[in-house]
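# Got a predicted structure here, sequence first:
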Amino acid sequence: MAKVKEKPYFGRAMKRVEDPRLIKGIATYVDDIDLVGMLHAAILRSPHAHARVSSIDTEAAKSHPGVVRVLTGADVNPHCGTIPCASPLPGQNSPDHTVLAGDRVYFVGHPVVVVVAKDKYAARDALDLIEVDYDPLEAVIDPERALEKDSPLTHPDLGTNHAFTWSVGDDPTKLLEQADHIIKVRMVHQRLTPMAIEPRGCVASWDEGQGFLTLWTSTQVPHLVRTLLPGLVGAEENKTRIIAPEVGGGFGSKLQVYAEEVLACHLSRRLGAPVKWIEGRRENAAATIHGRDQIGTYEVGVKKDGTVLAVRSHTIADLGSYLQLLTPAVPTLTGLMLGGCYKIKGVRMDVVGVHTNKMATDAYRGAGRPEAAYAIERLMDIVADELGLDPVAVRLKNMPKPREFPFNTATGLTYDSGNYQRALKEAQRLAGWNALLKQRDRARKAGRLFGVGVSTYVEICALGPSKIMAAGGWEWGSVKIELSGKVTIATGVTPHGQGQETSFAQIAADRLSIPIDDITIYSGDTATSHFGRDTYGSRATALGGTAIVLSIDKVIEKGKAIAALLLQSKPKKMEFKAGSFFVKGRKRNALGWAEIATEAYIAKNIPAGFEPGLEASSFFEPPNCTYPFGTHIVAVEIDRDTGQVKILKYVAVDDCGKQVNPLLVEGQVQGGVLQAIGHALMEQTVYDESGQLLTGEFMDYPLPRASDAPEYVIGSTETPSPSNPLGVKGVGEAGTIGATPAVANAVIDALSPLGVRHVDIPLTPERVWRVIQAAESHPPVSLMVPDEDRKGGRK
Amino acid sequence: MIPAAFDYERPESLDEALRLLAEHGEDAKVLAGGHSLLPAMKLRLAQPGVVIDIGRIDALRSISKQGRRIALGALATHYEIESSKLLTDKCPLLPEVAAQIGDVQIRNRGTIGGSLVHADPAADWPAAILALDAEMEIAGRDGIRTVAAKDFFVNMMETAVKPSEILVSITVPVTRKGVAYAKFAQKASGFAIAGAAVWIEGRRVAVGITGVAARAYRAAGVEAALGGRRSLKAAAIEEASRHVADNVEPLGDIHASAEFRAHLARVYTVRALEMAISRK
């Protein structure tokens, strides 16, 4: 093995080792998998948001050339379990989620009939030959209306649209009474469609002889699928292998066990052949989970000097018709993080989950935390506006000091480490803060709508300790020194674009003191990554990376024992340094990994009672989550005539603890920020009053493009996390959490000279234009609750 | 996203294409660049039995000067128009429009003729074609007939081209100066929510509007208010542009309400007029 003399890999901005195969188009995605005798499934979906299915005629489809089988819910559902929700809340009132629709359909895109054919064209053509008679029923679309007594019902057999009420935090009434002012505001957080560029898809292959199920699926969570899916199709966990090949984007939308995955497995078993199903774009928009979709009212009790005493929120979360894996958990994360990076004594959130005739909402990049960060960061600006204070000063006044960490929040979390002031200061420095404000003043004097927005966010990552997770929050990894001295590492996390094939190799190369090219990282296949809890919630490096480090340390210990025998010394006297094992003080007789590994596998000269081989695996159970944070600063100008927002400056300072690979960190930040720009300015999933999806393709759903990306100024601060030995925190979602409120705050700051206090996102040209029109003809409205309207008066 | 089954024909000449069209009648669709037809087929909104691909008929591709006019073959791609030196020199409005269509991939494949015949109410070309008083040459089995641009756009997705005919070329006058196109693009698709093409020559003002109504139109109210004036002052432009949506019913959808569309039509008419004046 070559000696490593360069500086450590950890902390180096390296290009991704996975990129060449992706760029060259030689990587294997699900749709590239082609098995002998493979059949193709296509799914007929409901065109109605809510209807009774009175009859289904599949005769013509069955006789279409190439068609093998046509099955309805009545054929399939009795043989399959229902789709799981892994995060039910106490007292939750939700329907069973069958694989195909039964006698009713509950959302546009609800699967009704499946056709299996010899090729995908015959399967698709046969869909057009199926006759389904629907009796349309009134659809529940507006979640607030859904809670009214006379509302139609999403699921009539449940007798209510109310799924749950969940609360966090103590009642802050007393604190609100002590406040000098109460500010009250209602904010609608729109529904978003994740739109991963690769839609979902899977290939299921049931081996009848071995009773063995293999499923290739475009998922973030093969291990969770292996835990949850076998029982739904009568397979055994130990005879089920789940493989996530290359995955073209997930963003949370592939953190699921989907009906189509269960269906494909059932069909393969039933028909005795592999079955492939690939989702189309319109199916993806309609029947892959959506994100966000909350309506909140917020009361903020604040002292004259800007000290925020309490925040109380009543939030309605639109769950859609069915619960997917984490649907109820998402708004609970909003509640837990509602206090943001501030010392607020009272934080209370009551969440009412509501069923509507739409696709389920679930975890979309950020998953509940963008909603929290948006709410609290908007509220901080509103407080500043109402009290006539500087929004940065209000933030600084309410932040905990660095020495106050670990910091306990009113919602029961313990923020592991932080220095919020430092990130804010760094962002101001990079933004040229004072000059930027002067530029704004000059622009305003000239009658232009110029705004500067700040958000100082904190998020919760590296989920997390098993006691707070539905099914284990640990992570696993294994390290094997091969006989050749090459190193094979398996991780239980499932990277799908984050780049851990590179960053984990960086971590391991340093720890083992070997060249990075000698390391291979396995992931995404439950047959080689024996345990895992996969990739979501920005957890992979903090947890999966640490599990690898723990394994390496075990391997080094074993190496020392072997080396001691070979060098006729004792393990206690051995040292491992720069890739060599040697007796302390006697470096001349050092042994390298290849020599130790050879001995370990040839096994003629190993310590008594030692097992041959040189490998180890570890589970890492974190003591706490991590809490990355940062400050984003945005400058915008609004075209008064069109309402169009132009981003003039974008500064992001993120503190994700130690950075393994700053290039990957920057990539995650840039991608997240652009997604958040879409979130703040463009995107909204739209259903019409009858529940038709109007944003079912890229012609109508505006994902931001390269031309929408501003020139980023990206910086960072480094506050290591004490929650793991690497000191890392996670950065996969930081952009979507910190950036949305920063952009919104900038736009609303630009409108503030007109007396505007709040506008809901997305801040589309028409919405902004209408606000300008209204503001020019109406006096500004304060969001402060007048003293006479405050219950119990002021104390 | 798989189209229904269809037969595919690839004629080598215009005559052969017309013969195939006559043979298959309304069951056939003509394929040029495929950037309108193929998406519609993939969504099964269009299910022609026969697709007649005219893409290899090179005679329909050229861009050439013919006296005081310029002829564009219907198969000229948006990119060929955008990058044509002849057009940049003699009819810069067309490259200006082309550069604002879709993205690079779309411009590489999509054709002016295909776009015009598709007659999407939000397409970019119709505004310019109307403003320039283009003439459309349409081939049928009986020969070629010429239709003025103002008579070409019949309704949403409907033009003067009959099912048995093929649009073969578009001719426009040489117009080096006083032209401009400005549009407000729909964020997702890039199509025009409101687009205004302007040609000012002497005291004559022509304004073509796309995206606003079911079909592209000439803004007669604006033209009347500004025509005949020796100089066009900002106030007059502002005032005249208020008439941009007179006598049309503005469309409304999730991307822009009818009211906002009409407003944007006014804003972009002003912008296009100002640009055109600056280029006189």
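In hand now; what should we look at?

# From the contact counts, what lies against the one helix or strand residue A:123 maps to?
For residue A:123, the enclosing helix or strand under DSSP states H and E is helix A:120-127. Applying 3 or more Cβ pairs under 8 Å, 6 or more residues apart in numbering or on different chains; DSSP states H and E, one finds that helix A:120-127 contacts strand A:39-45, strand A:67-72, strand A:111-117. The C-beta positions use only the backbone N, C-alpha and C, and glycine is treated the same way.

# Just name the most buried of those strands.
Comparing the helices and strands packed on helix A:120-127 by mean neighbour count (mean count of other Cβ atoms under 10 Å in any protein chain shown), strand A:111-117 ranks first with a mean of 25.

# Residue B:245 belongs to a helix, doesn't it?
No - using DSSP: H, G, I helix; E, B strand; the rest coil, the assignment for residue B:245 is coil, not a helix.

# Skip the chain neighbours and tell me the closest residue to it.
Nearest residue to residue B:245 in three dimensions, chain neighbours excluded: residue B:262, at 4.1 Å (Cβ to Cβ, 6 or more residues apart in numbering or on different chains).

# Chain A contacts on chain B?
Within chain B, the positions near chain A by Cβ under 8 Å from any Cβ of the partner chain are B:1-2, B:4-5, B:39, B:43-44, B:184, B:186-189, B:254-257, B:260, B:263-264, B:267.

# Can you say which of the residues you listed are buried?
B:1-2, B:43, B:184, B:186-189, B:254-256, B:260, B:263-264, B:267 (16 or more other Cβ atoms under 10 Å in any protein chain shown).

# And the helix or strand hosting residue A:650, what does it pack against?
Using DSSP H and E, residue A:650 sits in strand A:645-655. Secondary-structure packing of strand A:645-655 (3+ Cβ pairs under 8 Å, 6+ apart): helix A:420-431, strand A:629-638, helix A:662-681, strand A:712-716, helix A:734-751.

# Now do the first one against strand A:645-655, angle only.
Put plainly, it is helix A:420-431. Going by axes from the mean of the first three to the mean of the last three Cα atoms, to 10 degrees, helix A:420-431 is angled at 140 degrees with respect to strand A:645-655.

# got the angle between helix A:420-431 and strand A:712-716?
Using the same axes, to 10 degrees, helix A:420-431 lies at 150 degrees relative to strand A:712-716.

# The last one too?
Angle of helix A:734-751 versus strand A:712-716, following the same axes, to 10 degrees, is 120 degrees.

# Quick one: check helix A:734-751 for contact with chain B.
No - Helix A:734-751 is not in contact with chain B by Cβ under 8 Å from any Cβ; minimum separation 14.9 Å.

# just to revisit the earlier point, what's the most buried one of the helices and strands packed on strand A:645-655?
Across the helices and strands packed on strand A:645-655, averaging neighbours per residue (mean count of other Cβ under 10 Å) puts helix A:734-751 on top, at a mean of 29.

# What is the subsequent helix or strand relative to it?
That would be, after helix A:734-751 and using DSSP H and E, helix A:765-777.

# Show the residue spans covered by the strands in the stretch 101-250 of chain B.
B:135-140, B:143-148, B:153-155, B:158-159, B:166-173, B:179-185, B:192-201, B:204-210, B:217-218 (DSSP state E, counting those that start in this stretch).

# List, one by one, the residues from chain A near chain B.
So far as Cβ under 8 Å from any Cβ goes, chain A lies against chain B at A:120-121, A:124-125, A:128, A:280-282, A:641-642, A:644, A:682, A:686, A:694-695, A:697-703, A:764-766, A:769-770.

# Report the buried members of those.
A:120-121, A:124-125, A:280-282, A:641-642, A:644, A:682, A:686, A:695, A:697, A:700-703, A:764-766, A:769-770.

# Over in the stretch 51-200 of chain A, which residue gets nearest chain B? Let me know.
The stretch 51-200 of chain A approaches chain B most closely through residue A:124 (4.4 Å), counting by Cβ to the nearest Cβ.

# Once you drop chain neighbours, what's closest to that residue?
residue B:2 (4.4 Å).

# Test my guess that that neighbour contacts residue A:127.
No - judged on Cβ atoms under 8 Å, residue B:2 makes no contact with residue A:127 at a distance of 9.8 Å.

# can you tell me how far residue B:209 sits from residue A:546?
Computed as Cβ to Cβ, to the nearest Å, the residue B:209 to residue A:546 distance reads 62 Å.

# Who has more neighbours out of those two?
Just comparing residue B:209 and residue A:546: by other Cβ atoms under 10 Å in any protein chain shown the higher neighbour count belongs to residue B:209, 28 against 24.
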